[in-house]
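Here is a sequence together with a model predicted from it:
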Amino acid sequence: MMLYTTIYNMCTQKPPYDYSEQLYQRYREAFNNYINDKVLPSLRNHSDEVLLKELYHRWNNHKVMVRWLSRFFNYLDRYYVLRHSLHPLKDVGLLCFRDQVYADVKRNTRAAVLKLIEREREGELIDKTLLKHILDIFIEVGMGSMDCYERDFEEVLLTETANYYKRKASEWINQDSCPDYMLKAEECLRLEEERVDNYLHPSTKLKLLKEVENEVLTKYENDLLQKEHSGCAALLRDDKTDDLARMYRLFSRIPKGLDPIADCFKEHVEGEGMKLVKEVAEAVEAKKEKDSGKPSKDSGTSYEQQYVRQVIELHDKYLTYVGTCFANSSLFHKALKEAFEGFCNKNVAGSTSAELMANFCDNLLKKGGSEKLSDEAIEETLEKVVKLLAYISDKDLFAEFYRKRLARRLLQDKSASDDHERSILTRLKQQCGAQFTSKMEGMVTDLQLAREKQQNFDEWRQRKNKQLPIDMSVTVLTTGFWPTYKSMDLALPAEMVEGIAAFKEFYEDETKHRKLTWVYTQGTAVLKGNFDPKSLELVLSTLQAATLLLFNEGEELSYSEVQERLNLQEEDVTRLLHSLSCAKYQILVKDPQNKVIGKNDKFRLNVKFTDRMKRIKVPLPPTDEKKKVIEDVDKDRRYAIDAAIVRTMKSRKVLQHQQLVLEVVQQLSRMFKPDFKLIKKRIEDLIARDYLERDKDNPQLFKYLA
């Protein structure tokens, strides 16, 4: 307290007895003298770690000295320093240290610090606390600014770090496999982060890691990913999920670092898909060669079913990769989508993926399908098929094939579960929109209404006391929902005619202004065959039943007589007679006995026919539905393109050819990929029909005609 009073008295006298200026100068001189006499000599005698310890000791002493001297001279701080806008006394003490001690030893100190850091990088244990204290000096002498730390230490640290990892990376890339290299890279990045946490300033973190990432990852990315036996392609091939996840974590740190990995992922997945396409094509071809000369049947079905199952498994596998290895990155979702679009739109053994997926669903949903799964497994599989549908460009083709199969399941009572049928339609609706499933939903509803209608018919017959010679059920369908079926004017047997007349009477009583069209091709009938060995129940189509009933009297009929009595075309009669006399069940005997139906052939009932089963189903030869479906889809596409063109032109009135084509493609791409030539052809057709006209001066410009 006496020192403070003495200084107070020296500063409060009137001039010339006011010693404030001299005291301020002597304050500075005291520090300078102490530094020159004591501090600098002790520091100049040391180097490396000893220098750092001595510097830290001297810095602590200096701070104690500053603290106490500034307290003794506090009166100067309060009045003289403020009046003359001078440095505060604490700052004077720090400035003396910075300008003399720090300026003198910073180069050697930095070299010592960097040497210790390199020793630590090589695995040695060092005094991290000492490093932390020394680097705090670099920050504190900046007096609120980071200039000293950044200029005198950080810049050189970053350069040295880059050089160190440049040397290391060049060694690792030559001697290590890709997984080993990545382990080292990940470890060194972790250690550098720890280094920042332990003794470097937090602001150094991003700069330091950037240097390491640049030397270890950016410069060697292509070399690393393309390593022959351990690169990205090899990791994907060998299912090294941990290494792939590490690769994603590392390269997500650098700009555009994931793009080459995503490209490699896409290429690999597409390659795996194309391998499946090739395998099934070869298997189907081999089966055809093996079965040549045998009765024709759909020889590729089991392989094609297996193909769809394998595609589902492939999608599951790589979707899991995207989730677990690639953190659900949108870049990898896009790569997966493009890869599946690449091979899912290829023809597989002469069939489109759209057809195969429709067949696969049919096999899942029908009674007696080859896929024996629990209800939960069926639901799960259907969901996966609908997800795959997103990759198919010809969704309208899938819809038409699926609708055909659905119609067959519903009409032939082959659907295993109404719940599953409705479940997949709900999923398809969510994926592709209400328009996609409206007809299919109508078909399912039709069947429910048809059952009610049949019940009403039975009740009507009881009320009217109408007895029919046969048990008959009729399914009434709405024409717009169902596929188009071949209609024919079949001359029905008397037993059937009576039943049809009764139903017609009932329907006209109940419904006005609606016309019934009978589709005999989709009907089924059960006949009892009284053969010599034993009686059998025959499950037949309506046409087959009508044909067999002609032979009830035991007479022999020629081809032309059968055709005349049935009132059918040659193609249909040939198909019917072949199924009854030349196929698996030879219920009719043909003369001459060969496998070809001729116009001069004669037929009679095979009274000796028998079978180990009591009830047998006699199939019709398969027809080529595929051609019909593709024709129907092509026709629908023409209408869809016409509608899109007119819709676009109606809203825009005038439009360039290129812009019109782009807008039409955009509108229709959700259902199918329109062909540019077809769009051009439809535009010409609409011009001919006066919907559009070309501009007289610019033939590339179209105008809408109201």
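Right, received. Where do you want to start? Every value quoted in this text rests on a predicted model; they were computed, and no experiment measured them. Numbers count the residues shown, from 1 in each chain.

which residues in the stretch 551-700 of the chain form helices?
In the stretch 551-700 of the chain, the segments counted as helices under DSSP state H, counting those that start in this stretch are 559-566, 570-581, 625-652, 657-668, 676-688.

ditto for the stretch 301-450 of the chain
With DSSP H, counting those that start in this stretch as the criterion, the stretch 301-450 of the chain has helices spanning 301-324, 330-344, 353-365, 375-389, 395-411, 418-432, 434-464.

same for the shortest one, what does it pack against?
For helix 353-365, the elements it packs on are helix 301-324, helix 375-389, helix 395-411, helix 418-432, judged by 3 or more C-beta pairs under 8 Å, 6 or more residues apart in numbering; DSSP states H and E. C-beta: built from backbone N, CA, C; applies to glycine.

Output the contacting helices and strands for the third one.
If you count contacts as 3+ C-beta pairs under 8 Å, 6+ apart, helix 395-411 packs onto helix 353-365, helix 418-432, helix 434-464, helix 625-652.

Of those helices, flag the one that's most buried.
Among the helices and strands packed on helix 395-411, helix 353-365 has the highest mean neighbour count (mean count of other C-beta atoms under 10 Å), at a mean of 24.

circling back to that earlier point, make CSV from the helices and strands packed on helix 395-411 and add mean pLDDT and distance to Lys132 to it.
As requested, the helices and strands packed on helix 395-411 are exported to CSV (pLDDT from 0 to 100; distance: least, C-beta to C-beta, whole Å):
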stretch, mean pLDDT, distance to Lys132
helix 353-365, 88, 64
helix 418-432, 88, 59
helix 434-464, 88, 66
helix 625-652, 86, 70
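
Surely Gln431 is in contact with Ala390?
Yes. Gln431 sits in contact with Ala390 when judged by C-beta atoms under 8 Å, with a separation of 6.5 Å.

how big is the angle separating the lengthiest helix in the chain from helix 301-324?
Criterion DSSP state H: the longest helix present in the chain is helix 259-291. Relative orientation of helix 259-291 versus helix 301-324 (axes from the mean of the first three to the mean of the last three C-alpha atoms, to 10 degrees): 170 degrees.

in helix 259-291, what counts as buried?
260-262, 264-270, 272-273, 276-277, 279-281, 283-284, 287 (16 or more other C-beta atoms under 10 Å).

thinking again about what came up before, take the helices of the stretch 551-700 of the chain and lay them out in a markdown table including distance to Leu43.
Below are these laid out as a markdown table (distance: least, C-beta to C-beta, whole Å):
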| stretch | distance to Leu43 |
| --- | --- |
| helix 559-566 | 119 |
| helix 570-581 | 109 |
| helix 625-652 | 83 |
| helix 657-668 | 76 |
| helix 676-688 | 82 |
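
Which per-residue confidence value corresponds to Val81?
Looking at Val81, its pLDDT is 57.

switch to numbering from 472
OK, 472 is where the count begins now, so the last one is Val552.

got the contact list for Phe1080?
Contacts for Phe1080 (C-beta atoms under 8 Å, 6 or more residues apart in numbering) come out as Gly1000, Phe1002, Pro1004, Leu1007, Tyr1056, Gln1057, Ile1058.

Leu523 now?
Leu523 touches Thr580, Ala583, Val584, Leu587, Leu601, Leu602, Ile605, counting by C-beta under 8 Å, 6+ apart.

Could you rerun that using 7 Å?
The neighbours of Leu523, taking C-beta atoms under 7 Å, 6 or more residues apart in numbering as the test, are Thr580, Ala583, Leu601, Ile605.

just Lys910 next, same as before
Arg874, Phe952.

repeat that with 8 Å
Arg874, Gly951, Phe952, Trp953.

do you know how far it is from Val748?
Going from Lys910 to Val748 by C-beta to C-beta, to the nearest Å gives 30 Å.

Check Asn531 too.
Asn531 is 76 Å from Val748, where distance means C-beta to C-beta.

Thr946 too?
39 Å.

for Phe1022, same thing?
Distance, Phe1022 to Val748, using C-beta to C-beta: 49 Å.

Is it possible to get TSV of the helices of the stretch 772-921 of the chain that adds distance to Thr630?
Shown next, in TSV, are the helices of the stretch 772-921 of the chain (distance: least, C-beta to C-beta, whole Å):
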stretch	distance to Thr630
helix 772-795	39
helix 801-815	33
helix 824-836	57
helix 846-860	52
helix 866-882	58
helix 889-903	56
helix 905-935	62
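
Can you give me the end-to-end span of stretch 698-706?
Using C-alpha to C-alpha, to the nearest Å, one end of stretch 698-706 lies 10 Å from the other.

pLDDT (mean, whole number) over stretch 702-715?
Mean pLDDT, stretch 702-715: 92.

go on, stretch 1152-1165?
87.

any low-confidence regions in the stretch 972-1121 of the chain?
Within the stretch 972-1121 of the chain, the ranges that satisfy pLDDT under 70 run 1025.

if you skip the residues just before and after it, what's nearest to Phe1173?
Of all residues beyond its chain neighbours, the one nearest Phe1173 is Leu1163 (5.0 Å), with distances taken as C-beta to C-beta, 6 or more residues apart in numbering.

Pull out the CA atoms of stretch 667-676 and give them to me as PDB.
The C-alpha atoms that make up stretch 667-676 are tabulated as PDB, following Å, rounded to 0.1, in the frame of the first residue of the first chain:
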ATOM      1  CA  VAL A 667      -6.700 -30.200 -32.200                       C
ATOM      2  CA  ASP A 668      -8.700 -31.100 -29.100                       C
ATOM      3  CA  ASN A 669      -5.500 -31.700 -27.000                       C
ATOM      4  CA  TYR A 670      -3.400 -28.700 -27.800                       C
ATOM      5  CA  LEU A 671      -4.200 -26.800 -31.000                       C
ATOM      6  CA  HIS A 672      -6.700 -24.000 -31.300                       C
ATOM      7  CA  PRO A 673     -10.200 -25.100 -32.400                       C
ATOM      8  CA  SER A 674     -10.000 -22.700 -35.500                       C
ATOM      9  CA  THR A 675      -7.100 -24.900 -36.800                       C
ATOM     10  CA  LYS A 676      -9.300 -28.000 -37.000                       C
END
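
Could you give me the buried positions within that stretch?
Of the residues in stretch 667-676, those buried (16+ other C-beta under 10 Å) are Val667, Tyr670, Leu671, His672, Thr675.

same thing with stretch 630-649?
Glu631, Thr632, Ala633, Tyr635, Tyr636, Lys639, Ala640, Trp643, Ile644, Asp647, Ser648, Cys649.

likewise stretch 680-689?
Neighbour counts over stretch 680-689 (16+ other C-beta under 10 Å) mark Leu680, Lys681, Glu682, Val683, Glu684, Glu686, Val687, Leu688, Thr689 as buried.

go on, stretch 697-707?
Residues Lys698, Ser701, Gly702, Cys703, Ala704, Ala705, Leu706, Leu707 are the ones in stretch 697-707 that count as buried (16+ other C-beta under 10 Å).

what's around the residue lying closest to Ser1140 once chain neighbours are set aside, how many residues?
The shortest distance from Ser1140 to any non-neighbouring residue, by C-beta to C-beta, 6+ apart, is to Ser864 (7.8 Å). When neighbours are counted by other C-beta atoms under 10 Å, Ser864 registers 18.

What does the pLDDT read for Ser864?
The model reports Ser864 with a pLDDT of 87.

try the one 4 residues further on
At Leu868, the model reports a pLDDT of 88.

Which residues are in contact with the closest residue to it other than its chain neighbours?
Distances taken as C-beta to C-beta, 6+ apart place Ala825 nearest to Leu868, at 4.1 Å, with adjacent residues excluded. Counting by C-beta under 8 Å, 6+ apart, Ala825 touches Ile863, Asp865, Lys866, Leu868, Phe869, Phe872.

I'd like to check which residues are in contact with the fourth one.
Translated: Leu868. Thr823, Ala825, Glu826, Val1100, Ile1101, Val1104, Phe1143.

same thing with the third one?
Residues in contact with Lys866 (C-beta under 8 Å, 6+ apart) are Ala825, Leu860, Cys903, Phe907, Arg1141, Met1142, Phe1143.

Which strands and helices lie in contact with the longest helix of the chain?
Looks like helix 730-762 contacts helix 692-696, helix 703-708, helix 712-722, helix 772-795, helix 801-815 (3+ C-beta pairs under 8 Å, 6+ apart).
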